Every structure is written in structure tokens, then in C-alpha cells.
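**Q** no sequence on hand, only this structure:
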């Protein structure tokens with residue numbers, strides 16, 4: 001079974017799927033070892049980890065594909081990838097889909113922000129017209145080399161045009177053929193509760209971003225509301241940065257390290273599967 005088929009199977013079985021967003025191969029391997037059934041790769045984390053940049057549309061298609069390719073190659077579980085707005089018009093979207101498919105992703109999302117886009121929980125977003133996004137979705141579906149590669153359509157309309165417009169856009173994207181819908185940054189519990197009641201034809205993804213605009217709920221509560229995919233876009237990134245900052249501060253202040261706060265050398269060797277190579 002291919003990774004795309006595995007991911008499609010996760011979408012059709014009962015229950016929800018946790019999608020931790022991983023920013024590099026080591027975190028992806030950790031997620032697999034712990035038992036997650038799929039992971040995601042997001043532009044927010046890739047922009048920061050690989051380039052030290054904010055998520056405001058500064059990295060190019062080839063940079064994202066490179067990061068995704070490395071992560072896909074080091075794990076056996078499906079990878080769900082962020083493809084921004086497809087890096088251009090419908091023609092660019094088709095090229096983007098082929099590149100991501102060649103990288104081995106199991107699923108991906110494209111969004112309806114104008115380029116250069118920005119993180120969905122930042123202010124000042126702008127949208128392309130609904131008809132243009134519909135064309136992008138149709139181009140993505142036509143370009144995918146494998147029908148098992150699922151296409152998720154994301155709308156950022158809540159912050160720009162209001163909740164009603166976001167639902168209308170989502171319905172148009174379902175009609176265009178999107179396999180999954182992702183309505184970004186619901187602003188309160190009422191909106192979180194309403195979305196699964198109003199969009200029922202396809203699985204729904206929800207983002208749980210610590211410090212973002214959306215209330216944070218547990219997997220159990222989100223599953224009960226009707227969400228299938230539950231993404232955590234900054235959890236591993238912010239946790240890793242806090243840990244490294246704490247270690248660096250301790251080293252700077254004391255001139256020594258505290259091994260108790262670290263992975264052991266033996267644990268690291270196991271994570272990178274050293275025995276397999278020697």
C-alpha cells in the first residue's frame with residue numbers, strides 16, 4: 001500500500017487523526033517511533049527552521065519541495081504537506097502538484113490567499129476570488145498523477161470576509177472537487193462547532209495553533225464536533241526552541257551543560273538507526 005493510499009484509508013475509517021507538524025527529519029522520525037500514523041510539513045516551520053524567516057510567503061516552491069522530500073524519505077508514515085497557494089496561478093498549481101507528488105507526499109493543501117501569503121493566524125491577509133481558487137482546485141485534481149493523492153482546499157476567509165463567506169467558499173471548493181476542507185482560524189467556539197454542521201460532504205481539517213486565534217480543544221472534543229484531521233502546526237517547533245533556549249542559557253550562565261535535560265547519545269543513535277548502517 002502506498003503512503004497516499006494509507007492516508008486515504010485514515011480519512012475513511014472512524015475517528016480522528018492527529019497531525020503533528022514536523023520541521024525536520026529527526027522530529028518526523030520521533031513522531032513515527034512514538035506512534036503517530038501521519039505527520040504534516042508546514043511552511044511556517046520550514047521558513048523558520050531552514051531560513052530563519054517568518055511565514056509571509058518568502059520561500060519558493062523548490063525550497064519547500066526540498067524540505068518535504070527529505071522528510072518523506074526518512075519515514076514510513078504518510079506526510080501531509082503545505083503547498084501555500086500553489087505558488088502562482090492554475091498553471092503553477094499543476095506544476096506544484098506534480099513536484100509534491102514526485103516528492104512522495106500523501107496529501108497536500110492549497111489555500112486562497114493572495115501571494116505573498118502569510119500565516120493564517122496573522123492579520124492583514126488578502127484573498128483571491130472564489131472563481132480563481134476553484135480553477136486552482138480543478139487544476140490540482142487534473143494534474144495529480146495518482147488519484148489517491150488527496151487535495152485539501154484551505155480558505156482564510158473568516159478573517160477577511162467573515163464566517164458566512166468562509167462557508168460559502170468552502171462549499172464552492174467541495175463542488176470543485178476538493179477531497180478535504182480546511183477553514184483556517186475559527187475565532188471562537190461557536191464557529192468551531194458550526195463548521196462541521198455546515199460542511200458535511202468531505203473530511204474537515206482543523207488547526208490547533210498555540211497562541212493563535214482559535215480556541216485550543218482536545219482531540220476528543222474536536223472529534224466529537226466532527227473534525228477528521230487535527231493539525232498542530234507549531235507544537236514541536238515551539239517546544240524545541242524553548243528547550244534549546246533553556247540549554248543555551250544554562251550553558252552561557254554556568255559554563256556547563258545539564259545532560260538530564262537532553263536525549264542521551266544512545267537514544268540519538270537509536271533514533272537515526274545507526275545499527276542499520278554499521
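**A** That came through, no problem. Here the structure is a predicted model, which means the values were calculated and not measured.

**Q** and stretch 149-163, how far apart are its ends?
**A** With Cα to Cα, to the nearest Å applied, stretch 149-163 spans 29 Å between its terminal residues.

**Q** now that stretch: buried residues?
**A** Within stretch 149-163, the residues that qualify as buried by neighbour count (16 or more other Cβ atoms under 10 Å) are 149-160, 163. C-beta: built from backbone N, CA, C; applies to glycine.

**Q** what is the burial count for residue 37?
**A** Counted with other Cβ atoms under 10 Å, residues neighbouring residue 37 total 15.

**Q** thinking again about what came up before, now, the most widely separated pair of the buried residues of stretch 149-163?
**A** Longest distance between any two of the buried residues of stretch 149-163 is 30.1 Å, between 149 and 163; criterion Cβ to Cβ.

**Q** I figured residue 67 hits residue 48, correct?
**A** No - using Cβ atoms under 8 Å, residue 67 is not in contact with residue 48, being 11.4 Å away.

**Q** quick one: which of the two has more around it?
**A** Using other Cβ under 10 Å, the more surrounded residue of residue 67 and residue 48 is residue 67, with 25 against 18.

**Q** helix or strand for the more buried one, which one?
**A** Assigned by DSSP states H and E, residue 67 belongs to helix 61-74.

**Q** what helices or strands is that helix leaning on?
**A** Packing contacts for helix 61-74, counted by 3 or more Cβ pairs under 8 Å, 6 or more residues apart in numbering; DSSP states H and E, involve helix 25-34, strand 39-41, helix 43-51, strand 79-82, helix 90-103.

**Q** make it 6 Å
**A** Contacts defined by 3 or more Cβ pairs under 6 Å, 6 or more residues apart in numbering; DSSP states H and E place helix 61-74 against helix 25-34, helix 90-103.

**Q** possible to save those helices as JSON lines with distance to residue 188?
**A** Below are the helices and strands packed on helix 61-74 laid out as JSON lines (distance: least, Cβ to Cβ, whole Å):
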{"stretch": "helix 25-34", "distance to residue 188": "30"}
{"stretch": "helix 90-103", "distance to residue 188": "32"}
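
**Q** among those, which comes closest to residue 76?
**A** Per Cβ to Cβ, nearest to residue 76 of those: helix 25-34, 6.7 Å.

**Q** next, the angle from that closest one to helix 43-51.
**A** 130 degrees (axes from the mean of the first three to the mean of the last three Cα atoms, to 10 degrees).
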